[in-house]
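pasting the structure only:
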């Protein structure tokens with residue numbers, strides 16, 4: 001870690017206050033995400049250290065600490081700390097926006113691909129429909145060509161039926177014989 005970063009204990013020892021006092025002042029910081037060193041111990045940045053020093057100095061009125069930090073504290077105040085936090089938030093926002101822009105571009109390309117595929121599908125469906133109509137027209141033409149031969153067959157079958165009817169009509173013109181029924185026991189004359 002950097003020399004500028006200090007643990008809560010180091011800052012408490014430097015300022016001559018307890019760790020609990022430093023932790024109390026840490027709660028008033030706007031940044032809730034704390035940096036940790038390689039051992040997992042919370043460390044404070046320079047801006048956070050300045051802010052806490054300012055708070056501790058106001059509470060304890062230590063003149064000695066004020067003399068050492070007079071030049072640094074003139075430059076530092078709460079608004080400066082807030083400005084640095086705002087800049088950090090802006091950087092994070094810009095990073096997130098850049099990621100979102102890339103995602104949107106990706107989605108736009110996917111949408112254009114989907115539109116192309118849909119357009120191709122519609123064209124193919126239209127071609128299929130035209131082919132079906134052409135096939136139906138060909139089938140109708142073939143049926144129309146096959147129909148006259150069937151009509152000829154029907155004419156031939158009609159002629160043969162009429163001939164059969166006329167033949168069957170001739171025997172019907174012969175007189176039918178009626179049998180006379182006699183009672184039993186009577187003889188035919």
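Yes, it's here. Computed from a predicted structure; not experimentally measured.

Which of the three states applies to residue 39?
coil (DSSP: H, G, I helix; E, B strand; the rest coil).

That one - how many residues pack around it?
Residue 39: 8 surrounding residues under other Cβ atoms under 10 Å. For every residue, glycine as well, the C-beta is placed using N, CA and C.

go on, the one 4 residues further on?
Residue neighbour count, defined by other Cβ under 10 Å, stands at 20 for residue 43.

for residue 113, same thing?
10.

What average pLDDT does the helix or strand that contains it get?
Residue 113 is part of helix 78-173 when elements are defined by DSSP states H and E. For helix 78-173, mean pLDDT rounds to 84.

for stretch 10-24, same thing?
On average, stretch 10-24 scores 85.

Check which residues of it are buried.
Neighbour-count burial for stretch 10-24 flags 11-12, 15, 17, 21-22 (criterion: 16 or more other Cβ atoms under 10 Å).

And the furthest pair within these?
11 and 21 (10.0 Å; Cβ to Cβ).

quick one on the thing from earlier: what is the helix holding residue 113 packed up against?
In terms of contacts (3 or more Cβ pairs under 8 Å, 6 or more residues apart in numbering; DSSP states H and E), helix 78-173 is packed against helix 46-60.

Now do the buried residues in the helix it packs on.
47-57.

the inter-axis angle of it versus helix 78-173?
The directions of helix 46-60 and helix 78-173 differ by 130 degrees, with axes from the mean of the first three to the mean of the last three Cα atoms, to 10 degrees as the criterion.

Which strands or helices does helix 46-60 pack on?
Packed next to helix 46-60, using 3+ Cβ pairs under 8 Å, 6+ apart, are helix 8-15, helix 19-26, helix 63-75, helix 78-173.
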